[in-house]
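Asker: Coordinates only, no sequence provided:
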């Protein structure tokens, strides 16, 4: 069998594709040709031989904090790529370069000298430092600064960003931090805490004598101090009457937009905007109810001749997305909130913070790495959020069962990181369906005769109170005469009605016949 073993070629990528070379590929085969070939980018930094130890230490921190592989520093190469070399500098300065670790002790790097011919045609050498990315901790210089690489630029991290990196790498546990701005139990919802205690005792099949504080301690939502129970941030988020005292962004904002994109200023297109505050479990429950009120139901004629009604999105999917946002968001970014944005063709749930390493947008369906595990476990004991444990794979399966695209997860950086999940509702395919509010007054035989234009108008009137011929023409993309013919056809089918007036009057409108639904317009 030995002769049949697979072999692998671990040679560096082709010289013609330098973009594919990793920092290790470059460093392992480093020679003058490589030094000249590779420009400053997300892998390479050039420094003159006279670089100060502080500047060099800042760059060690930068590469050690830059995913996925760190990078390389060429000392003895000018910004324009000309090789000035290091032979002319004093040995003392070379010693300073080789002992720069003292100014950035957590950086892990290898160092070597590479023979080159300098820009004057002389034999010389450069010093190359291969700095590894550290997955386990934030790397700072001795003066407390930390940097990252963005493209070909070095950027200093703010204190908030440094803290976020530490949280992502498991150096800090923000949900377990003590909160001092709230007084226990005065500022907490004692009824909700009692319900939590009862749920915990029941689900764990424990004896009844457990107190609220006992259960809070068991679920790591605080600890005992000299003055009694001391709640942590997770406890405040779950049970404080106003969690925004300690985390101003601890709320969920749900916005519904008219159209497929968010507009601003004079073109502002939000038609519903609600903010949900208070204990986290109640935020989720109230947001759930409001989102459900905004979700549209569509009816189609199934092959057996019966009406089948389905929502834009399965409720379990968007509720899971909201719960995940609450559980996995970064509460270190205290002033940032969760957004639920509802468009004509999609719903987008945005939460502050990056994916918790090693999870990425590509591995989110397979990974389970909660940022706030105590918060997640606590929410499990509230029945209406038990779907928190059913995960992203259930979201994907439920969307597939509804013949909808898989949820799309993404991470982007706008100052700080943000994770979003997008649910698409197959808007184009819905043209074949009729809104449930309208379908209730249409029998199956009549429904089967409706054209696509007629269904679009019926769906539009299910949202809007009235429609003129001109407006309808814009909706179905037909001229005035063709549009009026469609509208009059719907009048003849007794699906819509029209107001009195001249045919071409701009004050003449068409309405959905709501009388059969028991929902008459005002004034009728």
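Answerer: Received it, and whenever you're ready, just let me know what you need. This structure is a prediction, so every number in the text was calculated from the model and none was measured.
Asker: Low-confidence ranges, the chain, go.
Answerer: Along the chain, segments meeting pLDDT under 70 span 1-14, 16, 297-309, 383-390, 415, 427-444, 463, 503, 514-524.
Asker: can I assume residue 141 sits in a strand?
Answerer: No: using DSSP: H, G, I helix; E, B strand; the rest coil, the assignment for residue 141 is coil, not a strand.
Asker: That one: how many residues sit nearby?
Answerer: Residue 141: 22 surrounding residues under other Cβ atoms under 10 Å. Every residue, glycine included, has its C-beta placed from N, CA and C.
Asker: try residue 359
Answerer: Residues within reach of residue 359, counting by other Cβ under 10 Å, total 22.
Asker: element containing residue 274?
Answerer: Assigned by DSSP states H and E, residue 274 belongs to strand 270-276.
Asker: so how far is that strand from its chain's centroid?
Answerer: 20 Å (Cα atoms, centre = their mean, to the nearest Å).
Asker: Let me know the next secondary structure element after it.
Answerer: Using DSSP H and E, the helix or strand that directly follows strand 270-276 along the chain is helix 280-294.
Asker: Could you list the buried residues of that following helix?
Answerer: 280, 281, 282, 283, 284, 285, 286, 287, 288, 290, 291, 294 (16 or more other Cβ atoms under 10 Å).
Asker: Could you double-check that the first one sits in contact with residue 250?
Answerer: Read that as residue 280. Yes: assessed by Cβ atoms under 8 Å, residue 280 is found in contact with residue 250 at 7.3 Å.
Asker: Report the set of residues contacting both of these two.
Answerer: When contacts are counted by Cβ atoms under 8 Å, 6 or more residues apart in numbering, residue 280 and residue 250 are jointly contacted by 237, 243.
Asker: what about the strands in the stretch 151-300 of the chain?
Answerer: For the stretch 151-300 of the chain, the strands defined by DSSP state E, counting those that start in this stretch cover 153-156, 222-225, 228-231, 252-257, 270-276, 297-301.
Asker: from the buried residues of helix 280-294, which is closest to residue 100?
Answerer: residue 280 (46.4 Å; Cβ to Cβ).
Asker: who touches that closest one in this structure?
Answerer: If you count contacts by Cβ under 8 Å, 6+ apart, then residue 280 has 237, 238, 243, 250, 326, 375, 379 around it.
Asker: closest to residue 108 among those?
Answerer: Closest approach between the contacts of residue 280 and residue 108, by Cβ to Cβ: residue 375, at 33.2 Å.
Asker: helix, strand or coil for that closest one?
Answerer: Applying three-state DSSP: residue 375 is helix.
Asker: Distance of it relative to residue 257?
Answerer: Separation of residue 375 from residue 257 (Cβ to Cβ, to the nearest Å) stands at 30 Å.
Asker: which one of these two has more residues nearby?
Answerer: residue 375 (27 against 19).
Asker: Might one say that the more buried one is in contact with residue 238?
Answerer: Yes: Residue 375 is within contact range of residue 238, at 7.0 Å (criterion: Cβ under 8 Å).
Asker: what's the closest non-adjacent residue to residue 208?
Answerer: Take residue 208 and drop its neighbours on the chain: the residue closest to it by Cβ to Cβ, 6 or more residues apart in numbering is residue 201, 6.4 Å away.
Asker: if we can go back for a sec, just the buried residues of the strand holding residue 274, please?
Answerer: By neighbour count on 16+ other Cβ under 10 Å, the buried set for strand 270-276 is 274, 276.
Asker: which residues touch it?
Answerer: Strand 270-276 is contacted from outside by 251-258, 262, 282-283, 286-287, 290, 294, 342, using Cβ under 8 Å, 6+ apart.
Asker: Tell me the one of those nearest residue 473?
Answerer: So of those, ranked by how close each gets to residue 473 (Cβ to Cβ), first place is residue 258, at 18.6 Å.
Asker: mind listing what the closest one touches?
Answerer: 269, 270, 271, 344.
Asker: gap between it and residue 342?
Answerer: From residue 258 to residue 342 the distance is 10 Å (Cβ to Cβ).
Asker: Quick check: bridge partners of the residue positioned nearest the centre of the chain?
Answerer: For the chain, the residue nearest the mean C-alpha position is residue 419 (1.6 Å; Cα atoms, centre = their mean). Taking DSSP bridges as the rule, residue 419 bridges to residue 351, residue 411.
Asker: what does the one 4 residues further on give?
Answerer: Here residue 423 shows beta-bridge partners residue 347, assigned using DSSP bridges.
Asker: right, and residue 354 touches residue 169 too?
Answerer: No: Residue 354 is beyond contact range of residue 169, at 11.0 Å (criterion: Cβ under 8 Å).
Asker: Neighbour count for these two, which is higher?
Answerer: Neighbours per residue (other Cβ under 10 Å) separate residue 354 from residue 169, with residue 354 holding more: 20 against 16.
Asker: Looking only at stretch 38-45, what residues are buried by neighbour count?
Answerer: By neighbour count with 16+ other Cβ under 10 Å, stretch 38-45 contains the buried residues 38, 40, 43, 44, 45.
Asker: Could you export the residues you listed as JSON lines, including distance to residue 15?
Answerer: Output for those, formatted as JSON lines (distance: Cβ to Cβ, whole Å):
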{"residue": "38", "distance to residue 15": "11"}
{"residue": "40", "distance to residue 15": "19"}
{"residue": "43", "distance to residue 15": "16"}
{"residue": "44", "distance to residue 15": "16"}
{"residue": "45", "distance to residue 15": "22"}
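Asker: Narrow those to those in strands?
Answerer: 44, 45 (DSSP state E).
Asker: which among the buried residues of stretch 38-45 gets closest to residue 460?
Answerer: Scanning the buried residues of stretch 38-45 for proximity to residue 460, where the rule is Cβ to Cβ, the winner is residue 43, at 53.5 Å.
Asker: can you pull the contacts of the closest one?
Answerer: So residue 43 contacts 21, 22, 23, 26, 69, 71, 72 (Cβ under 8 Å, 6+ apart).
Asker: Also residue 113?
Answerer: Contacts of residue 113 by Cβ under 8 Å, 6+ apart are 86, 125, 126, 127, 128.
Asker: and it, that's in a strand?
Answerer: Yes: under three-state DSSP, residue 113 falls within a strand.
Asker: and it, how far is that from residue 30?
Answerer: Relative to residue 30, residue 113 is positioned 10 Å away (Cβ to Cβ).
Asker: do residue 221 as well
Answerer: Residue 221 is 53 Å from residue 30, by Cβ to Cβ.
Asker: neighbour count winner among the two?
Answerer: Under the neighbour definition other Cβ under 10 Å, residue 221 and residue 30 were set side by side, and residue 221 has more, 27 against 19.
Asker: which one is that one nearest to, not counting chain neighbours?
Answerer: Looking at residue 221 with Cβ to Cβ, 6+ apart, the closest residue is residue 235, at 3.9 Å.
Asker: Give the burial count for the one you found, as a bare number.
Answerer: Neighbour number of residue 235 under other Cβ under 10 Å is 28.
Asker: Spit out the contact partners of it.
Answerer: By Cβ under 8 Å, 6+ apart, the neighbours of residue 235 are 179, 188, 216, 221, 222.
Asker: isn't the fourth one right up against residue 234?
Answerer: Yes: using Cβ under 8 Å as the test, residue 221 is close enough to residue 234 to be in contact (5.5 Å).
Asker: Spell out which residues are contacts of both of the two.
Answerer: 374, 378.
Asker: returning to that earlier point: can you tell me which of the contacts of strand 270-276 is nearest residue 205?
Answerer: Nearest to residue 205 out of these is residue 282 (Cβ to Cβ; 26.4 Å).
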